[in-house]
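Q: Using only what follows, build the 3D model:
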Amino acid sequence: MKTMLVDAWNTFITEDGVDEKLHAILETFPNKKFILTNANDEQIIKLGMTDLPYELFTLKHNPDKPDPAYFKTMLQHFGLKPEECVYFEHNAEAVKSAESVGIKAYNFSHTERDLVKLKDFLDKNSTTHS
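A: The predicted model follows:
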């Protein structure tokens, strides 16, 4: 099982709070899940990133996700290898950054919010194939 890395703001969390439909989809997978953000402590509170169902990881803008160093640090922090992860995110630059370090990533449109396409991506990519 691959670890699922989930973008926080505009993906898992919106102005209305946690996207419960997305959360329900994620709960159908037994995989370990982490929520990734760039937010600092103040932004975490302001954007409602407290009391989440999965552990939140941030480097507080030092650096932000478009910098591959973010993902290298996150992988080291959790003791993960890139091929052990799958990631989805609304920011195309962060998706490219994750892919540049070897993480399989999906650009989730926060305006379309196509959960069928997202679930298809997760179904196809969340298990480790030998």
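
Q: which stretches of this structure form helices?
A: 20-27, 41-46, 68-78, 92-100, 115-125 (DSSP state H).

Q: And the contacts of the first one?
A: I take that to be helix 20-27. Helix 20-27 has contacts (CB atoms under 8 Å, 6 or more residues apart in numbering) with 4, 6, 11-12, 33, 53, 115, 118-119, 122. Bear in mind the C-beta positions are built from the backbone N, C-alpha and C, glycine included.

Q: What of the second one?
A: Contacts of helix 41-46 from elsewhere in the structure, counted by CB under 8 Å, 6+ apart, are 37, 49-50, 56, 58, 60.

Q: before we move on, back to that, now the contacts of helix 20-27: which count as buried?
A: Buried members of those, counted by 16 or more other CB atoms under 10 Å: 4, 6, 11-12, 33, 118, 122.

Q: ok, residue 64 - contacts?
A: Going by CB under 8 Å, 6+ apart, residue 64 touches 38, 70, 94.

Q: Can you tell me which of those residues comes closest to residue 111?
A: Within these, proximity to residue 111 (CB to CB) peaks at residue 94, which comes in at 16.2 Å.

Q: tell me the contacts of the closest one?
A: Residue 94 neighbours (CB under 8 Å, 6+ apart): 7, 64-66.
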